[in-house]
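Peer 1: Here you go, sequence then predicted model.
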Amino acid sequence: MNPYYDHAHLSKFGDIAEGAPELAKKFFEYYGAVFAAGALSQREKALIALAVSHTVQCPYCIDSWTTGSLEQGADLEQMTEAVHVACAIRGGASLVHGMQMKAHVKKEGM
Amino acid sequence: MTVASLRSRRAPLSSSAIQLDILGRIEIDGSPLNFDATLAHAGSMPLAPSALEIFQINLGKLCNMTCGHCHVDAGPDRTDAMMSREIVEACLAALDRTSVHTVDLTGGAPELHPDFRWLVEEARRRGKHVIDRCNLSILLLPRFAGLADWLGERGVEIVASLPHYRKRNTDAQRGDGAYDKSIEALRLLNRAGYGTGDPRRVLTLMSNPAGAFLSGGQAAMEKEWREALVREWGVTFDRLFALNNMPISRFLDWLVESENLEPYMDRLARSFNPAAIDGLMCRNMVSVSWDGRLFDCDFNQMLDLDALPDGAAMRIEEFEPAIWQRRRIVTRPHCFGCTAGAGSSCGGATAGAGADGNR
């Protein structure tokens, strides 16, 4: 078995409380409050979470927020567009750093 | 997804006994799924009937569609299961012994039954609210031209299946082309005055998830669907019910084939919501099968789990409301489908708008 990622960890995430129960309690309360409907709908928050899950490349988060997005009524086409938003920002972030490179070339080059 | 009925495929799961055996073997954390124990833990055992309000008649398994999630195993080949005129008459006689407010007609496609219109007229003549559980595409068949107007003139509510307001998930569950036909039928219904706020022409949409996940928050979904269907197609409806898929018949077959059965049952059980218990449909209805047997709900009907008033099965010809009210509702692991998340019933979520599903 791959020692780094185990699918069963996701459903046992609550066990992370062992060792620091008060911190876990605060975290899970905060987490629940973040995803409650507010100025953004639960569906909008699920799609944002799905995109961010791909950015942080967390397989647990991807599984969890794929289901979460489906449960909030999103379909594959909408979820794929959300992943492309993450991809565009990641790609754009690399590319825009090229401006730093160009500035440095200008400074050091002749 | 295109499928044939389990019966026509001679699939093992066409047997209700095999379905119950599979459900009974599922273990979560090393213990068999036990709905009654979960109810008892929530302080809700025994599951008692509430006042009888809904008389649901399943006219048979014949349908013009063969949807991947169908809990009835309905289809065009199911001419074997059709209610006789004698049992339709027995239903009306039994109805007269009750004070229910609603007659709920389902199938298969109930409109395909030769006595459908007569039964609607008889129920309306008795002052009952009548629901037609409609698959939408039936309204486009030439022989049913004018049916929408006919139903509207009689104040029949149409509860129509539409898994999603977009094409992909609708066709995935109900077959290629189902979405386009559904939109065309919804337009036809709007032209007949359905879905326009007329209390005599109520159009309710029914959404099931297209996969092994739970249904989302009904109120938020309804808002999004309303906006999207008007924007994309100029189609309106009155309300949306969001239901979970039940792990029986063809959906159970798909869960087994796709290796989703245990994760799905685990999800249903872990999402048990005590707030969903009060509104469970098994508590306030009688469900009559095409062959005149009585059940706590349509799902128990498909699993051949006869209701047991005074400890014994009862037929429609013998229906006696006082005895019916003394039944203890029959439960099995599939019942977790009705108590997961916001809850599920023929009338949509049971736990109120604030009780969105746990994940």
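Peer 2: Perfect, thanks for sending it.

Peer 1: Next to chain B in this structure, residues from chain A, please.
Peer 2: Within reach of chain B by C-beta under 8 Å from any C-beta of the partner chain, chain A has these residues: A:11, A:37, A:41-43, A:64, A:67-68, A:70-73, A:75-78. Every C-beta, even on glycine, is put in place using the N, C-alpha and C of the backbone.

Peer 1: Strands - which of those residues land there?
Peer 2: Among these, DSSP state E puts none in strands.

Peer 1: Buried ones only from the residues you listed, please, as a ChimeraX command.
Peer 2: Of those, the buried ones go into a single ChimeraX selection, burial set by 16 or more other C-beta atoms under 10 Å in any protein chain shown:
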select /A:41,42,43,64,67,68,70,71,72,73,75
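
Peer 1: now, among the residues of chain A next to chain B, which is nearest to B:Ala276?
Peer 2: A:Glu71 (15.8 Å; C-beta to C-beta).

Peer 1: Pull stretch B:311-318 out as CSV, backbone CA atoms only.
Peer 2: The C-alpha trace of stretch B:311-318 is given here as CSV (Å, rounded to 0.1, in the frame of the first residue of the first chain):
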residue,chain,number,x,y,z
GLY,B,311,-49.2,-8.9,12.2
ALA,B,312,-50.6,-10.2,8.9
ALA,B,313,-50.6,-9.1,5.3
MET,B,314,-53.8,-7.4,4.1
ARG,B,315,-55.3,-7.1,0.6
ILE,B,316,-57.0,-4.1,-0.9
GLU,B,317,-60.4,-5.9,-0.9
GLU,B,318,-60.1,-6.3,2.9
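
Peer 1: Would you map the helices across the chain?
Peer 2: Just so you know, I chose chain A. Assigned by DSSP state H, chain A shows helices spanning A:8-11, A:21-34, A:42-55, A:59-71, A:76-96, A:98-108.

Peer 1: right idea, wrong chain: chain B
Peer 2: Ranges of helices in chain B, per DSSP H, are B:16-25, B:35-41, B:85-95, B:116-125, B:147-153, B:167-174, B:178-191, B:218-233, B:249-257, B:261-270, B:298-302, B:321-324, B:336-339.

Peer 1: what mean pLDDT does the third one have?
Peer 2: Spelled out, it's helix B:85-95. Averaging pLDDT along helix B:85-95 gives 98.

Peer 1: State the distance from B:Glu259 to B:Ala212.
Peer 2: As defined by C-beta to C-beta, to the nearest Å, B:Glu259 lies at a distance of 10 Å from B:Ala212.

Peer 1: So these two - more neighbours on which side?
Peer 2: B:Ala212 (21 against 9; other C-beta atoms under 10 Å in any protein chain shown).

Peer 1: before we move on, the earlier item: columns mean pLDDT on top of the helices of chain A, output as JSON lines?
Peer 2: Below are these laid out as JSON lines (pLDDT from 0 to 100):
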{"stretch": "helix A:8-11", "mean pLDDT": "87"}
{"stretch": "helix A:21-34", "mean pLDDT": "96"}
{"stretch": "helix A:42-55", "mean pLDDT": "96"}
{"stretch": "helix A:59-71", "mean pLDDT": "95"}
{"stretch": "helix A:76-96", "mean pLDDT": "96"}
{"stretch": "helix A:98-108", "mean pLDDT": "94"}
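
Peer 1: can you put these in TSV and add distance to B:Asp253?
Peer 2: Formatted as TSV, these follow (distance: least, C-beta to C-beta, whole Å):
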stretch	distance to B:Asp253
helix A:8-11	25
helix A:21-34	35
helix A:42-55	29
helix A:59-71	20
helix A:76-96	22
helix A:98-108	54
